[in-house]
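J.: Sequence and predicted model, in that order:
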Amino acid sequence: MTPRTEKDSGRGPENPLNAKWRVQIIGCGYALIDMAVESQFYSETQAIPVYGSVSGMNTPQENLQQISLLHQNQGFPFRGTNFCEGGSSVANGGGHFASPGFSGSLAALLEKQKQEIDLVLQLQNERLKTILIKEFRQQHDILLQIYHSKTTNLMRQKDQDLAIATKKTMELEEYLRGIEMESQKWQRKARENEAKVAELNNTLTQVRERAMEAESVCDFYSNRGNREENRNRGQETEESEAEQSNKSVDCKLCFSKRCCVVFIPCRHLCSCKSCEGFVGFCPVCKSAKEASMEVYMV
């Protein structure tokens with residue numbers, strides 16, 4: 001390849017210093033891109049220290065040295081290490097590239113860097129997935145602990161309630177057994193009392209029957225004597241009643257005249273007309289006399 005001259009380009013004479021700095025700037029730009037990508041990948045995956053920075057403070061020679069070191073660790077040679085060294089290997093006098101395989105190396109480098117970026121993204125996705133799974137498991141464990149604690153407290157409370165209910169049930173069963181025993185005791189006493197009552201009734205019935213038999217016999221023998229006595233007593237009774245009736249009609253004060261005055265309010269016939277004016281009370285019941293009334297007996 002014949003280098004182009006100033007006549008062929010149709011331009012005026014170009015300052016060699018400007019061409020040199022243009023080549024250095026282009027090389028430094030590629031170097032910064034490579035260094036940024038490689039430093040991100042190796043700092044996160046292979047823990048290889050990154051020398052220098054992309055802040056623009058390092059010189060182009062230091063940046064090219066760092067990229068060369070990274071490509072050596074990666075396993076393929078780096079071409080164009082003298083990118084920024086005065087244009088000796090990049091530009092040949094008139095500013096043309098002297099290395100014909102530079103474009104192929106750059107394409108391979110870009111493809112390799114694309115694969116590395118994809119790998120970094122994949123690793124980041126895996127790491128994010130792992131972190132999310134870990135967080136999910138932690139949240140799941142926390143929820144399980146909370147529900148386990150609540151369930152344990154609830155079960156403990158239910159066990160206490162069940163124990164209290166069981167105790168009350170046992171007390172009620174014991175009380176019912178006592179009541180049943182007491183009921184059986186009273187039933188037994190009631191049956192005994194019923195038996196005693198039945199026995200007493202039988203005895204009383206027998207006694208009554210015997211008494212009735214004895215009474216009937218006694219009546220039979222006593223009626224015979226009573227008839228004779230009644231005959232004698234009848235006569236005596238009639239006489240005594242006659243005498244008593246006569247006595248009851250006599251005045252209770254003078255005992256000589258017949259009663260003809262009734263005292264009020266007691267209504268006793270106990271005085272004759274002559275004695276009534278001298279008495280202020282009834283001679284039979286001793287009650288005060290409020291008035292008197294004369295009666296005529298037929």
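T.: Yep, that arrived.
J.: Please count neighbours and contacts with C-alpha atoms only from this point.
T.: Will do.
J.: Poorly predicted segments of the chain, please.
T.: 1-102, 216-248, 297-298 (pLDDT under 70).
J.: All the helices of the chain, residue numbers only.
T.: In the chain, the helices defined using DSSP state H lie at 6-9, 16-44, 60-74, 102-249.
J.: helices or strands next to the longest one in the packing?
T.: Of the remaining helices and strands, those touching helix 102-249 by 3 or more C-alpha pairs under 8 Å, 6 or more residues apart in numbering; DSSP states H and E are helix 16-44.
J.: list the contacts for residue 180?
T.: Applying C-alpha atoms under 8 Å, 6 or more residues apart in numbering to residue 180 gives no contacts.
J.: Could you measure from it over to residue 167?
T.: Applying C-alpha to C-alpha, to the nearest Å, the value for residue 180 to residue 167 is 20 Å.
J.: do the same with residue 189
T.: From residue 189 across to residue 167, the span is 33 Å (C-alpha to C-alpha).
J.: How about residue 174?
T.: Distance of residue 174 to residue 167, given as C-alpha to C-alpha: 11 Å.
J.: Domain map for the protein?
T.: 13-99, 250-298 (automatic domain parsing).
J.: Count the neighbours of residue 110 for me.
T.: Neighbourhood size, residue 110 [other C-alpha atoms under 10 Å]: 13.
J.: er, residue 255 actually
T.: 15.
J.: List phi and psi for it.
T.: Phi and psi for residue 255, reported as degrees, to the nearest 10, are phi 60, psi 30.
J.: And for residue 266?
T.: phi -70, psi -20.
J.: What residues of stretch 266-276 count as buried?
T.: 266, 268-273, 275-276 (16 or more other C-alpha atoms under 10 Å).
J.: C-alpha coordinates for that stretch, CSV please?
T.: Output of stretch 266-276 as CSV, limited to C-alpha atoms (Å, rounded to 0.1, in the frame of the first residue of the first chain):
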residue,chain,number,x,y,z
CYS,A,266,-130.0,-14.5,128.8
ARG,A,267,-133.6,-15.7,128.2
HIS,A,268,-133.7,-17.9,131.3
LEU,A,269,-137.1,-18.8,132.8
CYS,A,270,-136.1,-18.7,136.4
SER,A,271,-138.3,-16.3,138.5
CYS,A,272,-141.9,-15.8,139.5
LYS,A,273,-143.8,-12.6,139.1
SER,A,274,-143.4,-11.7,142.8
CYS,A,275,-139.6,-12.2,143.0
GLU,A,276,-138.8,-10.6,139.6
